[in-house]
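Q: Provided below for reference: sequence and predicted model.
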Amino acid sequence: FFSSRTMFFAAFRRGVQIPTAVRAFRAGKPAHGGTSETENLRTMLFKSDHSSAGMHIYHKLNFALIGLGPAALVLSPSALNYPVDIALGIIIPLHSHIGGNDVITDYAHKITKAKAFENSLRIGLFGVTVVTFVGLLKLNLQGPGVTETLKSFWRSKKADK
């Protein structure tokens, strides 16, 4: 009789390949493409902290905000700041949306275990994200921009004559 250990090593000597599902498990990826596109879109919009792509985007947005924040302050009174303001107007709501979903995942079940409560919070967060995006877009296109608006908080107010 052969022990399972002997058969295992014999299989590797013969060049038996590991099945796809096992390789996918070890690689941290689903074996057969995961879920459908609509399910992935729903996950990205309402449970972005549950998808690896959502968390990957979230971490990349961290680096973008670290770089764009100081760049916007340095470039502010020039025309070079316009693309930076547009980028910030997109990145800030997206970053906040993914982070807000993470907060809902961590703390909503502490209030109540009802799924309807968590789902209503996620839908409300999506609405806030859309309103924030539209507001920042309007500020960038029709107003002074995100950076100039923030800088105006630190400027001294001109005396009315």
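A: Cool, got the structure. Residues are numbered from 1 along each chain as shown.
Q: neighbouring contacts of stretch 136-151?
A: With Cβ atoms under 8 Å, 6 or more residues apart in numbering as the contact definition, stretch 136-151 has outside contacts at 72-73, 75-77, 81-82, 84-86, 88-89, 92-93, 152. Using the backbone N, CA and C atoms, a C-beta is placed for each residue, glycine as well.
Q: check which residues of whichever strand or helix holds L137 are buried.
A: L137 belongs to helix 115-142 when assigned by DSSP states H and E. Neighbour-count burial for helix 115-142, counted by 16 or more other Cβ atoms under 10 Å, picks out 118, 121-122, 125-126, 129, 132-133, 136, 139-140.
Q: pull the distance from it to the chain's centre.
A: 14 Å (Cα atoms, centre = their mean, to the nearest Å).
Q: go on, stretch 100-118?
A: Per Cα atoms, centre = their mean, the centroid offset for stretch 100-118 relative to its chain is 18 Å.
Q: just to revisit the earlier point, can you pick out the most distant pair from the contacts of stretch 136-151?
A: Largest separation among the contacts of stretch 136-151 by Cβ to Cβ: P77 and P93, giving 24.7 Å.
Q: show me which of those two is the more surrounded one.
A: P93 (21 against 10; other Cβ atoms under 10 Å).
Q: and the helix or strand harbouring the more buried one, average pLDDT?
A: P93 belongs to helix 81-111 when assigned by DSSP H and E. Averaging pLDDT along helix 81-111 yields 93.
Q: sort out which residues of whichever helix or strand E148 is part of are buried, please.
A: For E148, the host element (DSSP H and E) is helix 146-152. Residues of helix 146-152 classed as buried under the neighbour-count rule (16+ other Cβ under 10 Å) are 146-148.
Q: could you identify the helix or strand that succeeds the lowest-mean-pLDDT helix or strand in the chain?
A: One helix or strand of the chain scores below all others by mean pLDDT, DSSP states H and E: helix 20-27, with a mean of 49. Note on helix 20-27: by DSSP H and E, the next helix or strand toward the C-terminus is helix 37-46.
Q: I appreciate the help and will end here.
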